[in-house]
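> Attaching a predicted model along with its sequence, questions to come.
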Amino acid sequence: MTIRPEILDHWSEVSAWLPAGFDLEATARLRGAFTRVREIKNAETLLRLALAYGGLGMSLRETCAWAEAGGIARLSDPSLLERLCKAAPWLGDIVATLIAEQTKVPAGRWAGYR
């Protein structure tokens, strides 16, 4: 896989794909993904780092170097791993919301096979 971090340099285009009305800050705090502001300043930055690591195939070290070079965040790879592990349920919520937006559930109850 070719690492293409420049994709995340167009964050406004990427963030347009997020679920409509999904409050990143509130849900991240609710799920324990974002509890305190330190090097990662907000939930959007945490999502950006998660996408760089998981979605673009960067290693933890590459993700941290990319984030520091871009002025996004400055943190070590073990601290990024810890933050991403805590963010897993929140990231799952984002994915579930995206899937729910795309899936049409039929009205009524399934009657089973006849």
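That came through, no problem. Just so it is clear, the structure is predicted and the values come from calculations on it, not from any experiment.

> The residue nearest to residue 72 when sequence neighbours are not counted: helix or strand, and which one exactly?
The spatially closest residue to residue 72, leaving aside those adjacent along the chain, is residue 45, at 6.0 Å (Cβ to Cβ, 6 or more residues apart in numbering). (Glycine included, C-beta is placed from N, CA and C.) If you go by DSSP states H and E, residue 45 is part of helix 43-50.

> helices or strands up against that helix?
With contacts defined as 3 or more Cβ pairs under 8 Å, 6 or more residues apart in numbering; DSSP states H and E, helix 43-50 has these neighbours: helix 11-15, helix 24-30, helix 77-102.

> Next, format the ones you listed as TSV and append mean pLDDT.
Formatted as TSV, these follow (pLDDT from 0 to 100):
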stretch	mean pLDDT
helix 11-15	78
helix 24-30	88
helix 77-102	90
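
> Nearest approach to residue 58 belongs to which of the ones you listed?
helix 77-102 (10.4 Å; Cβ to Cβ).

> and the gap between residue 74 and residue 98?
As judged by Cβ to Cβ, to the nearest Å, residue 74 and residue 98 stand 30 Å apart.

> re the thing from before, for the following helix or strand past the helix holding residue 45, what is the distance to the chain centroid?
Counting by DSSP H and E, the next helix or strand C-terminal to helix 43-50 is helix 60-69. Per Cα atoms, centre = their mean, to the nearest Å, the displacement of helix 60-69 from the mean C-alpha position of its chain is 16 Å.

> Over to stretch 28-35?
A distance of 12 Å separates the centroid of the chain from that of stretch 28-35, by Cα atoms, centre = their mean.

> now do stretch 12-31
Worked out by Cα atoms, centre = their mean, stretch 12-31 lies 9 Å from the chain centre.

> With stretch 68-76 instead?
Counting by Cα atoms, centre = their mean, stretch 68-76 is centred 17 Å from the centre of its parent chain.

> do stretch 84-97 as well
Centre-to-centre, stretch 84-97 and its host chain are 7 Å apart (Cα atoms, centre = their mean).

> Would you mark the buried spots in it?
Within stretch 84-97, the residues scored as buried using 16 or more other Cβ atoms under 10 Å are 84, 86, 87, 90, 91, 93, 94, 97.
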